[in-house]
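[1] Turn this into a structure:
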Amino acid sequence: MTDQPDLRHGESRSVDNSSSVVVDFREYKQSKDPLPVTFHRRELDAILWIYGRMVGDGEWRDYAIDHLKDKAVFSVFKRSGEMPLFRIEKNPKLAAKQGAYSVINVHGTILKRGHELNQVLKVFDKALKLVDK
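    Just a heads-up that it's a prediction; the model follows:
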């Protein structure tokens, strides 16, 4: 007779069967469904400071935050039903290369990219305006 896990007491015992493998369910779930990339509190503070300034100037009116598997995105809008004017992205896979942070305009052009969020956000210190052709 082989030893079976005693689920009533939370104990697990080894099984004589050589093909059996004990897997921690939490580790398995994390490996199959990794946590999304998020903005940390200090990053959000810096972004929301810029957002508040631009709302005060009447440039921006709405925002959205998306936490995806590979990146976090803070999108800003002039009107909520439109495409975002700008996207502030955090992509950890690019941290060792061009930098994890970038600001992208409505056309998909990267306006600034870098390793430090505060340096990347300086792109908004200039008078950026959406110009319709």
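[2] Tell me which helix or strand in the chain has the weakest average pLDDT.
    Using mean pLDDT, DSSP states H and E, the weakest-scoring helix or strand in the chain turns out to be helix 25-32, at a mean of 69.
[3] mind listing the helices in this structure by residue range?
    25-32, 41-56, 117-121 (DSSP state H).
[4] which of those sits most buried?
    helix 117-121 (a mean of 17; mean count of other C-beta atoms under 10 Å). Yep, even glycine has a C-beta here, placed from its N, CA and C like the rest.
[5] What's the separation between Asn64 and Asn118?
    Heads up, residue 64 is Ala, not Asn. Relative to Asn118, Ala64 is positioned 22 Å away (C-beta to C-beta, to the nearest Å).
[6] Export stretch 112-125 to CSV, keeping only CA atoms.
    This file holds the C-alpha atoms of stretch 112-125, laid out as CSV (Å, rounded to 0.1, in the frame of the first residue of the first chain):
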residue,chain,number,x,y,z
LYS,A,112,11.0,60.2,-24.5
ARG,A,113,12.4,56.9,-23.1
GLY,A,114,14.6,56.3,-20.1
HIS,A,115,15.6,54.5,-16.9
GLU,A,116,14.3,57.2,-14.6
LEU,A,117,10.5,58.1,-14.6
ASN,A,118,11.1,61.6,-13.4
GLN,A,119,13.5,62.3,-16.3
VAL,A,120,11.0,60.8,-18.8
LEU,A,121,8.2,62.9,-17.4
LYS,A,122,10.2,66.1,-18.1
VAL,A,123,8.9,65.8,-21.6
PHE,A,124,5.7,67.5,-20.3
ASP,A,125,7.6,70.5,-18.9
